[in-house]
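Visitor: What would the 3D arrangement of this be:
(4 chains)
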Number of protein chains: 2
Amino acid sequence: MATLDDIAKLAGVSPTTVSRVINNYGSLSEKTKTKVFSAMKELNYQPNSLARSLKGKKTHLIGVILPGVSNPFFGQMVQEIEDQLFKKGFRMILCNAGSDSEKERDYLRMLMANRVDGIIAGSHNLGIEEYQKVGLPIISFDRYLSDNIPIVSSDNYHGGQLAAQSLLFSGSKKLEIITGANRPNSPTSERLTGFKDTLKKQNLDFDLMEISFSSTPNIKGLKIKELLSKKAVDGIFCTDDLTALLVIQQAKALGMRIPEDVKLVGYDGTQFIQNYHPELTTIMQPISDIVTMMIDLLLKRIDDHDCELENNYVLPVKLITGSTTI
Amino acid sequence: MATLDDIAKLAGVSPTTVSRVINNYGSLSEKTKTKVFSAMKELNYQPNSLARSLKGKKTHLIGVILPGVSNPFFGQMVQEIEDQLFKKGFRMILCNAGSDSEKERDYLRMLMANRVDGIIAGSHNLGIEEYQKVGLPIISFDRYLSDNIPIVSSDNYHGGQLAAQSLLFSGSKKLEIITGANRPNSPTSERLTGFKDTLKKQNLDFDLMEISFSSTPNIKGLKIKELLSKKAVDGIFCTDDLTALLVIQQAKALGMRIPEDVKLVGYDGTQFIQNYHPELTTIMQPISDIVTMMIDLLLKRIDDHDCELENNYVLPVKLITGSTTI
DNA sequence: TTTAAAATGTCAAACGTTTGACAATAGAAA
DNA sequence: TTTCTATTGTCAAACGTTTGACATTTTAAA
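Guide: Modelled structure (predicted):
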């Protein structure tokens, strides 16, 4: 692969001049620039980022740690992150941590070793300490990591409220909420609280069904089937859309009609759901805005490691009404 | 961030010794190793990959260029690639090229600049020349790029055959195939041929509906609606599952029953479809095997840039029968 | 023609490693 | 004690850039 020296030789100038052209530094005549550029083109030259970064330049690499990308929510988020980062001249190293804390730790190490400029963290199997000692700009999605790591999220509490209101408005009385594992600091717990508080105001009660995040869809389906067939529920709030799809599936299999027999509200409202399951009433998280916010903050921190940022940035959610509620 | 010299000072040894410990090179006493390791731990030291790679070591970075990740097929593929690469000690730079050839070109440049060890290319807006002059190990998914770039794909022709057989077996007579833009070298065109050939053997004809890959689902839906309401079709083969979902959607809206009035076969058979739309008959591509193959070949090429590889690796597809055919 | 400014060149240090050559020291075996 | 070997150290070059100091040449204006 061609180096700066090769270009210098071919263009008949000094290496310093080539570097000056690349970095647009010092004074240069148009003629030299043209000579250098065409030599670069001729040899298909790409300045070695490794060397540049080593010399103190940014790597323009951002580490993105997420639970996974096969879930449409994170899929869309990754797509959005990639898109927006690209436009700002950054690239992403994608890290699917799953629910594996060892893997997350490994990735954190790798990202440090690779001297990424910053990290977007949306998966959190690890404790605070691990993230604190990374010493790189970090922005977190939807979970507390450490005091000086800003959290960007959407309004989970209000999302819970909207879901409850929407079910109440369509006349549900016997309510059920289906949610993943509820660690105390997880975003879903806020959704739950918003839901709960709204019902409390109406003096209504509800039941809670927890299905571990890591269960397969088949297992989840089975549990939902049991719920639907054994219990007289007429309104269900799922804290994610995929689970809501399973409810639709099981209800259909049992001959129950939605929304006549059971109303249903999901959560996330990805583009995918809006396109392929427009019937589902759901709470839409503003993925694009969330990403814009995160990248904006991250780049600020990259420019100035000590810049002051808020601890929390909460973006509004939106109710999208489909035919699974009335 | 701590450097090798810092470790040397803290451990009370020479920098060379530290490097020897890291690379397990030369002869070392257990005592020194322990001293060095504990110094590394204490300072949370990570060897600077940039410097190491500059000195000739691998970067352990792989560029993955795909059309996007919001489509479940590529979502699952990315997840699989990430997972398998991680296990082999590699990380991925994710490049969503979309249908933007300028972006793809930019990414190719960036990947060269970053001295990635290799590239997995699944998006191909660019011509052969661009890929040829990259000069890095490349493996292609499902499309011809250049003579010495191996192609890994699944058996698109047989997939088309299976789709046709399945529709014929369920008694369809008036067949339609819905497919994206059909550039001559695209994998979908093979699916089409397999489909066509099978029908020809039965002396049956079919109609072809092309919907540009870049149309939004709404537009696609509209065209499908038109098709369903204006034409007497009783069997549809969509060359991807998402389009098949739109057919289901539109058929439902028009009061047509599947499979009674129209049979339907999709393509891809991702985990997502299997979990959330098990009713859809579809052709499953063996994503995991495809990825294993690609990574295997890529790593071979990375170890030995000139190693001989086949031009084509075709993996078998599988018919998954759901209730959209009988 | 003189003079100043602009353009380019030379040189070298630095970034953080790896690696080889070679020397020095320690400990153990003969 | 001598001798060998294992361990560690010193030193320096290399990887491909960037950047500053400084010198020299070219160009254009006065």
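Visitor: excluding its backbone neighbours, what's nearest the residue of the stretch 151-300 of chain A found nearest DNA strand D?
Guide: Residue nearest to DNA strand D within the stretch 151-300 of chain A: A:Leu299 (18.8 Å; C-beta to the nearest atom of the strand). C-beta coordinates here come from the backbone N, C-alpha and C atoms, glycine included. Closest residue to A:Leu299 apart from its sequence neighbours, by C-beta to C-beta, 6 or more residues apart in numbering or on different chains: A:Lys88 at 6.7 Å.
Visitor: wouldn't A:Val314 be in contact with A:Ser154 here?
Guide: Yes. Counting by C-beta atoms under 8 Å, A:Ser154 is a contact partner of A:Val314 at 6.8 Å.
Visitor: Name the residue in those two with the higher neighbour count.
Guide: A count of neighbours by other C-beta atoms under 10 Å in any protein chain shown puts A:Ser154 above the other of A:Val314 and A:Ser154, at 25 against 17.
Visitor: Pull the contacting residues for the nearest residue to the more buried one once chain neighbours are set aside.
Guide: Of all residues not flanking A:Ser154 in the chain, A:Gln285 sits nearest, at 4.4 Å (C-beta to C-beta, 6+ apart). Contacts for A:Gln285 were tallied using C-beta atoms under 8 Å, 6 or more residues apart in numbering or on different chains; they are A:Phe73, A:Ser154, A:Gly159, A:Tyr267, A:Asp268, A:Gly269, A:Leu315, A:Val317.
Visitor: where's the host helix or strand of the third one relative to the chain centroid, distance-wise?
Guide: It refers to A:Gly159. Per DSSP states H and E, A:Gly159 falls inside helix A:156-169. Here helix A:156-169 is found 22 Å from its chain centre; the criterion is C-alpha atoms, centre = their mean, to the nearest Å.
Visitor: and A:Val317, what is it in contact with?
Guide: A:Ser154, A:Asp155, A:Asn156, A:His158, A:Gly159, A:Leu162, A:Ile283, A:Met284, A:Gln285, A:Pro286.
Visitor: so the first one bridges to which residues?
Guide: So the one you mean is A:Ser154. A:Ser154 has these beta-bridge partners by DSSP bridges: A:Leu315.
Visitor: What distance do you get for it to DNA strand C?
Guide: 39 Å (C-beta to the nearest atom of the strand, to the nearest Å).
Visitor: tell me which element the residue most central in space within chain A falls in.
Guide: Taking C-alpha atoms, centre = their mean, the centroid of chain A lies closest to A:Met77, which sits 4.6 Å from it. Take DSSP H and E as the rule and A:Met77 turns out to sit in helix A:72-87.
Visitor: And the next helix or strand past that helix?
Guide: Past helix A:72-87, the next helix or strand by DSSP H and E is strand A:91-96.
Visitor: What's the first helix or strand after that next one?
Guide: Under the assignment DSSP H and E, the closest C-terminal helix or strand after strand A:91-96 is helix A:101-113.
Visitor: quick revisit: just give me the neighbour total for the closest residue to the residue nearest to the centre of chain A other than its chain neighbours.
Guide: Of all residues not flanking A:Met77 in the chain, A:Ile287 sits nearest, at 5.5 Å (C-beta to C-beta, 6+ apart). Applying other C-beta under 10 Å, we find 21 other residues in the vicinity of A:Ile287.
Visitor: Against which helices or strands is the helix holding A:Gly159 packed?
Guide: helix A:187-201, strand A:235-238, strand A:263-268, strand A:281-284, strand A:318-320 (3 or more C-beta pairs under 8 Å, 6 or more residues apart in numbering or on different chains; DSSP states H and E).
Visitor: Make CSV from those and add distance to B:Met294, mean pLDDT and mean neighbour count to it.
Guide: Listed next are the helices and strands packed on helix A:156-169 as CSV, based on distance: least, C-beta to C-beta, whole Å; pLDDT from 0 to 100; neighbours: other C-beta atoms under 10 Å in any protein chain shown:
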stretch, distance to B:Met294, mean pLDDT, mean neighbour count
helix A:187-201, 35, 92, 19
strand A:235-238, 36, 97, 28
strand A:263-268, 31, 97, 28
strand A:281-284, 36, 98, 27
strand A:318-320, 38, 98, 17
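Visitor: Kindly reformat these as TSV containing distance to DNA strand C.
Guide: Listed next are the helices and strands packed on helix A:156-169 as TSV, based on distance: least, C-beta to the nearest atom of the strand, whole Å:
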stretch	distance to DNA strand C
helix A:187-201	37
strand A:235-238	48
strand A:263-268	42
strand A:281-284	45
strand A:318-320	47
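Visitor: and the host helix or strand of A:Thr16 with DNA strand C, contact?
Guide: A:Thr16 is part of helix A:15-23, with elements assigned from DSSP H and E. Yes. Interface with DNA strand C: helix A:15-23 contributes A:Thr16, A:Thr17 (C-beta under 7 Å from any atom of the strand).
Visitor: how about the CA coordinates for that helix, as PDB?
Guide: Extracted in PDB, the C-alpha atoms of helix A:15-23 (Å, rounded to 0.1, in the frame of the first residue of the first chain):
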ATOM      1  CA  PRO A  15       7.100  14.400   2.100                       C
ATOM      2  CA  THR A  16       6.400  17.500   4.200                       C
ATOM      3  CA  THR A  17       4.700  19.200   1.300                       C
ATOM      4  CA  VAL A  18       2.500  16.100   0.800                       C
ATOM      5  CA  SER A  19       1.500  16.200   4.400                       C
ATOM      6  CA  ARG A  20       0.800  19.900   4.100                       C
ATOM      7  CA  VAL A  21      -1.500  19.200   1.200                       C
ATOM      8  CA  ILE A  22      -3.300  16.500   3.100                       C
ATOM      9  CA  ASN A  23      -3.800  18.600   6.200                       C
END
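Visitor: Is there contact, residue-wise, from it to chain B?
Guide: No. Counting by C-beta under 8 Å from any C-beta of the partner chain, chain B is not contacted by helix A:15-23; separation bottoms out at 11.2 Å.
Visitor: List the contacts of that helix.
Guide: In contact with helix A:15-23 (C-beta under 8 Å, 6+ apart) are residues A:4-5, A:7-8, A:11, A:25-26, A:28, A:32-33, A:36-37, A:47.
Visitor: Kindly report the same for stretch A:266-278.
Guide: Stretch A:266-278 is touched from outside by A:72-73, A:75-76, A:159, A:163, A:191, A:237-241, A:243-245, A:280-285, A:287, A:318, A:320, A:322, A:324, B:70, B:72, B:216-218, B:242, B:245-246, B:249, with contacts defined as C-beta under 8 Å, 6+ apart.
Visitor: If you count neighbours, what's buried in that stretch?
Guide: A:Gly266, A:Tyr267, A:Asp268, A:Gly269, A:Thr270, A:Gln271, A:Phe272, A:Ile273, A:Gln274, A:Asn275, A:Tyr276, A:His277 (16 or more other C-beta atoms under 10 Å in any protein chain shown).
Visitor: Same list, the residues you listed, but as JSON lines with distance to B:Lys230 please.
Guide: Listed next are the buried residues of stretch A:266-278 as JSON lines, based on distance: C-beta to C-beta, whole Å:
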{"residue": "A:Gly266", "distance to B:Lys230": "34"}
{"residue": "A:Tyr267", "distance to B:Lys230": "38"}
{"residue": "A:Asp268", "distance to B:Lys230": "36"}
{"residue": "A:Gly269", "distance to B:Lys230": "33"}
{"residue": "A:Thr270", "distance to B:Lys230": "32"}
{"residue": "A:Gln271", "distance to B:Lys230": "29"}
{"residue": "A:Phe272", "distance to B:Lys230": "28"}
{"residue": "A:Ile273", "distance to B:Lys230": "29"}
{"residue": "A:Gln274", "distance to B:Lys230": "27"}
{"residue": "A:Asn275", "distance to B:Lys230": "23"}
{"residue": "A:Tyr276", "distance to B:Lys230": "23"}
{"residue": "A:His277", "distance to B:Lys230": "26"}
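Visitor: Please consider this matter closed, and thank you.
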